[in-house]
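Visitor: Structure for this input, please:
(one chain, ligands or ions: 1)
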Amino acid sequence: MNTTRYPSTSCPHCGYKMDAASPVEGTGVPSEGDFSVCINCAGLMVFTHDMTLRKFGEADYEELVSDTDVCRRLLTVRDLIKRIKDKA
Ligand SMILES: [Zn+2]
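Guide: Predicted coordinates:
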């Protein structure tokens, strides 16, 4: 797993400041349209062209459910973050 740094941006759900992302698997770097999960609130987000993050829209949910592998991995990460936060 590798971590990619990008200009500071805020979670569109909770306002948490972020400047890095790590892929769930492999060594990929984020690009426009990639899905992400906020490490603070577990909100689902999408990378924009300038590497800021926006909330999921209707089309994003449709795309997510059309790819069961990506959906499973994204929701697994989201659930892990929620479980960690619930214990804190
Ligand atoms: Zn957040």
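Visitor: a strand runs through T9, doesn't it?
Guide: Yes. Per DSSP: H, G, I helix; E, B strand; the rest coil, T9 lies within a strand segment.
Visitor: Contact partners for it?
Guide: K17, M18, D19, M51, T52, L53 (C-beta atoms under 8 Å, 6 or more residues apart in numbering). Where C-beta positions appear, they are placed from N, C-alpha and C, glycine not excepted.
Visitor: Tell me the bridge partners for it.
Guide: T9 has these beta-bridge partners by DSSP bridges: M18.
Visitor: The ion versus that one, what's the distance?
Guide: 11 Å (C-beta to the ion, to the nearest Å).
Visitor: swap in C11?
Guide: 3 Å.
Visitor: Tell me the predicted confidence for that residue.
Guide: As predicted, C11 sits at a pLDDT of 97.
Visitor: quick one on the thing from earlier: buried ones only from the contacts of T9, please, as a PyMOL command.
Guide: A single PyMOL command is used to select the members of the contacts of T9 judged buried by 16 or more other C-beta atoms under 10 Å:
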select buried, resi 18+51+52+53
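Visitor: What is the most widely separated pair among the contacts of T9?
Guide: Farthest pair in the contacts of T9 (C-beta to C-beta) is K17 and M51. Separation: 13.8 Å.
Visitor: Alongside the ion, which residues does this protein contribute?
Guide: Those residues of the chain that sit near the ion, judged by C-beta under 5 Å from the ion, are C11, H13, C14, Y16, C38, N40, C41, G43.
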